[in-house]
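Participant: Have a look at this prediction, sequence included:
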Amino acid sequence: MSLADTLAHAPLCPDCTALLTPYTGPRCPRCGLPPANPDEGNVVCGACLQNPPPWSAVAFHGLYRESLRHILLRLKFDGHLYLAPLLGGFMLESVSCLPWPDVITAVPQHPDHLRHRGYNQAHELAKILHNYTGVPLATQLLSRPVPGKEQARLGARARRSNVQHSFNASTEASGLHVWLVDDVMTTGSTMAAATKALLAGGVTRVDAVFVARTPRNTPN
């Protein structure tokens, strides 16, 4: 399904369609962060040079701001799950740059958090990507037995500490190439912790797939 096909089946007016076009500007090829100076182009950012992320590649649709941010907030906090097919279609367009995986899995929530919210927005997006691609969806590949505070309330250093050692990978992970799905990447701490758990479980490659990348100085 192309982006045009996705939007053709979505209840969007032409103005909204224009507001949700993909981000095509310069970005760090390792984490997707746009440079402070757009003239720098697609160069690896300082953070990734000092501490390379554990995933192999990233794919995302747009920047976490304005209309895309609004839609993601409605999905994540207001239970507007009808938005998942639209956002999953955006993700489908973005993953065309990645090698095909063996399985798709979502960044999991702690069971208490999942019971409180009632759904995992990352899993809803992973299900849609599975439906669109036919790649198997692995729901038990990764677990989150250690609870943590809401990441949106924390700074970058606290985010890293909050998710450290939070995830466990199943023994079934060994030898697989995985697309790891989440809704938004901000500092990358959650994605990094989940990726490290998968690699420790024997996964051969993890690609980080998400809808939006938080640029600098953007509220959560």
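Facilitator: Looks like it arrived, so ask away.

Participant: contacts and neighbour counts: CA atoms only from here.
Facilitator: OK.

Participant: For the chain, just list every one of the strands.
Facilitator: In the chain, the strands defined using DSSP state E lie at 57-63, 103-106, 142-143, 168-169, 177-185, 205-213.

Participant: The second one - contacts with which helices or strands?
Facilitator: Looking back up the chat, that one is strand 103-106. helix 121-133, strand 177-185 (3 or more CA pairs under 8 Å, 6 or more residues apart in numbering; DSSP states H and E).

Participant: Go again with 10 Å.
Facilitator: helix 121-133, strand 142-143, strand 177-185, strand 205-213 (3 or more CA pairs under 10 Å, 6 or more residues apart in numbering; DSSP states H and E).

Participant: Over to the fourth one?
Facilitator: Using 3+ CA pairs under 10 Å, 6+ apart as the contact test, the elements touching strand 168-169 are strand 142-143, helix 189-200.

Participant: Give me the helix or strand of the protein that scores worst on average pLDDT.
Facilitator: helix 3-8 (a mean of 49; mean pLDDT, DSSP states H and E).

Participant: To His130, which of the strands of the chain lies closest?
Facilitator: Taking CA to CA, strand 103-106 is the member of these nearest to His130, at 6.9 Å.

Participant: CA atoms of that closest one as CSV?
Facilitator: What follows is strand 103-106, C-alpha atoms only, in CSV (Å, rounded to 0.1, in the frame of the first residue of the first chain):
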residue,chain,number,x,y,z
VAL,A,103,9.0,-10.8,12.6
ILE,A,104,7.4,-7.6,13.9
THR,A,105,7.1,-6.9,17.6
ALA,A,106,6.1,-3.9,19.7
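
Participant: what about it, distance to the chain center?
Facilitator: The chain centre lies 11 Å from the centre of strand 103-106; the measure is CA atoms, centre = their mean, to the nearest Å.

Participant: which residues are contacting that strand?
Facilitator: Here strand 103-106 makes contact (CA atoms under 10 Å, 6 or more residues apart in numbering) with 120-127, 129-130, 133-143, 173, 176-183, 191, 194, 206-210.

Participant: now stretch 171-180
Facilitator: Here stretch 171-180 makes contact (CA under 10 Å, 6+ apart) with 55, 57-59, 95, 98-107, 122, 126, 135, 137-138, 140-142, 191, 194-195, 197-210.

Participant: Give me the below-cutoff pLDDT ranges for this protein.
Facilitator: Applying pLDDT under 70 to the chain flags residues 1-12, 148-165, 217-220.

Participant: Report how many residues lie close to Cys31.
Facilitator: Applying other CA atoms under 10 Å, we find 24 residues neighbouring Cys31.
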